[in-house]
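**Student:** just a sequence and a predicted model for now, questions to come.
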Amino acid sequence: MNGPLVARGQAPRNKWAFGAVLLIVLGALFGWSAGPVSAHAEQLDIDPPAGAILETTPDEVVVTFNEPISLSGGTAEVFDDSGESVPVEASVTDASVHIDLPATLDDGTYLVAWRIISQDSHPLSGTSTFSIGTPSAGGAAEVDLGGGTPAAASLWRVLAMAGTYGGVLVAVGLWWYSRRWHRGVLRQPDDSMVDALRRLDRWGTGAALVGIVSLVIAFPARLVTVGGSWDALTDGPFVSDTITGPIGQATMLSLVGLLGLLIFRSTGRSWPTLIAGLVSSLLALGGFALEGHTRTKEPTRVIVVADIVHTAAGAAWLGGVLALAILLRRTAGVWRARVALDVSWAALCAVAVVSAAGITMSVIVLPSFNALADTGYGLALMVKIGLVLVLLAIGVKSRLVLVPAIEEAEASGEPEPVDRAVRHLRRSVMIELVVFAMLLVATATLVGRSPVIADTAGGVIAPPPVELAPSGGTVSMTIDPGAVGANIVNVTLLDGTGAPLSVIEPPALELRERTRGVGPIPLTAQDLGDGAYFAIADIPFVGTWELTVRARTGTFDSTAAVVEFTIDQ
């Protein structure tokens, strides 16, 4: 082989080798299943426990997580049964949130709500309840805890991050290919190729500028995304923490790398300059590995290396496809076939590396296989895998059909067959670029999502009212927090007119889970007045449960109903 490009007569034609690489890619994509690895911020404990009934006011509420967390950009609040905020002070100690309570709180049920920021810069929200003295008849208040990140900010962040990924990958990829092909041109001078390489450098410069601008405009959107509202932009301490934290550090590292590529792209091709360009490329790519999921996963070295390799291979893949689109228009003669053959093999190897590194990261990042369907991260990942398969199919067609057609046409010496073959390949390459744009958007969406299945513990389950037979009244029930473990069961009995049902004694309550044959489990009902009662239920496992309510309305009269509800966490 003369020079770094593969000569036409020496092109690799071993279909077994091609098939082996293809099988590696498909095996990686389809043979993967996420293991039970979890290293994301998750709640481990809360004191007082969810649903606890206390005699006196506790000094504080402590929420403990499995990793250090931050309240910068987050909140920790307590609400009484009327929905009014209770004045509290919150602080963080390592992996715990401490919420200091007033010295004395009135009897009733209180809602604790928090929104913390994990080490990988993802917000995590949760709620819990506790009661002092007699629980409130209606349980915890329904409080609007905010609608999350504004939709406009989410769209802003996704588009800006897609521009960042595209700018960095194209700038790095075109720099690599430009240096590679420049050596070949020095050995086999060709005016059309020299002109094409100049254009490649201009495109690389433009891509680096796009990456720089996108990084800058993405930063405010990321502030809003992490902070949860537009107010995050004016929160001085939070902005300062973000600038000095992982997001700011990663942004700065990629900016330095892109600036280095701009400088060393046009300052000659000596070995020191090439090394400086290579270091700049690694800095630009390394910024993506400095934040997000790679910061909190074990083994850290494996996932950081996998992340850098993943983005580097992506740069080789996307940069090669764009370079081919440019060079097919600007080169002539045998160079078109050489460039097409070079890019087709480089792209195939790159997709194999991208797939292997991506699967490695997914196995480490996803806590379970169910997270693929139950989280925004998993859904975005499946979309990304689907787009990779589309690109793979297009690339296989180009390598097996379109590139050989150009070689054969060039060998014939007839201009018309050559032009026709080049047009077909150019059309295929343009389709690839469109799919790549979609892939960048999917990736930008992916990195902003948490792979942890949302923990909705702390919500109140409220089945529809059920008719009491034969009295004709109704029984309404809520169960709080609606999760495995201790729960407060609130029951309200009304007669046919909507007034509190008159009973001789508190109703008898029994729990059953028929699938596993568990029950009846008797519960002790406490009278709250006005037809309202509460009981403590320790629910041992998830499933579909039944609460049987029986009430004596007279010496020889009674009424009953069965309320069904589901515990799924």
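**Tutor:** Now that the structure is in, tell me what you want to look at.

**Student:** off-centre distance for stretch 320-327?
**Tutor:** 31 Å (CA atoms, centre = their mean, to the nearest Å).

**Student:** got it, and stretch 393-408?
**Tutor:** Between the centre of stretch 393-408 and the centre of its chain there are 36 Å (CA atoms, centre = their mean).

**Student:** kindly report the same for stretch 382-396.
**Tutor:** On the basis of CA atoms, centre = their mean, stretch 382-396 is displaced by 20 Å from the centre of the chain it belongs to.

**Student:** hey, C-alpha coordinates of it in PDB?
**Tutor:** Output in PDB follows, covering the C-alpha atoms of stretch 382-396 (Å, rounded to 0.1, in the frame of the first residue of the first chain):
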ATOM      1  CA  MET A 382     -33.600   2.500  22.000                       C
ATOM      2  CA  VAL A 383     -34.200   5.200  19.500                       C
ATOM      3  CA  LYS A 384     -30.400   5.700  19.300                       C
ATOM      4  CA  ILE A 385     -29.800   2.000  18.700                       C
ATOM      5  CA  GLY A 386     -32.500   2.000  16.000                       C
ATOM      6  CA  LEU A 387     -30.800   4.900  14.200                       C
ATOM      7  CA  VAL A 388     -27.500   3.200  14.400                       C
ATOM      8  CA  LEU A 389     -29.000   0.100  12.800                       C
ATOM      9  CA  VAL A 390     -30.400   2.300  10.000                       C
ATOM     10  CA  LEU A 391     -26.900   3.800   9.500                       C
ATOM     11  CA  LEU A 392     -25.400   0.400   9.500                       C
ATOM     12  CA  ALA A 393     -27.700  -0.900   6.800                       C
ATOM     13  CA  ILE A 394     -26.900   2.100   4.600                       C
ATOM     14  CA  GLY A 395     -23.200   1.700   5.200                       C
ATOM     15  CA  VAL A 396     -23.300  -2.000   4.400                       C
END
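
**Student:** contacts for that stretch next, please.
**Tutor:** 22, 25, 29, 344, 347-348, 351, 354-355, 372, 428, 431-432, 435-436, 438-439, 442-443, 445-446 (CB atoms under 8 Å, 6 or more residues apart in numbering). C-beta coordinates here come from the backbone N, C-alpha and C atoms, glycine included.

**Student:** so what's the residue count around residue 271?
**Tutor:** Residue 271 has 7 neighbours, counted by other CB atoms under 10 Å.

**Student:** again with residue 514
**Tutor:** For residue 514, the neighbour count with other CB under 10 Å is 12.

**Student:** next one: phi and psi at it?
**Tutor:** Phi and psi for residue 514, reported as degrees, to the nearest 10, are phi -80, psi -30.

**Student:** then the one 3 residues further on?
**Tutor:** The phi and psi values for residue 517, taken as degrees, to the nearest 10, are phi 70, psi 30.

**Student:** report pLDDT for it.
**Tutor:** With respect to pLDDT, residue 517 scores 77.

**Student:** leaving out sequence neighbours, find the closest residue to residue 79.
**Tutor:** Spatially, and ignoring its direct neighbours in sequence, residue 79 is nearest to residue 111 (4.5 Å; CB to CB, 6 or more residues apart in numbering).

**Student:** please identify the buried residues of stretch 231-242?
**Tutor:** 232, 235, 238, 239, 241, 242 (16 or more other CB atoms under 10 Å).

**Student:** and the residues you listed, which of them are in helices?
**Tutor:** 238, 239, 241, 242 (DSSP state H).

**Student:** is it true that the first one touches residue 71?
**Tutor:** No - with contact taken as CB atoms under 8 Å, residue 238 and residue 71 are classed as non-touching, separated by 9.7 Å.
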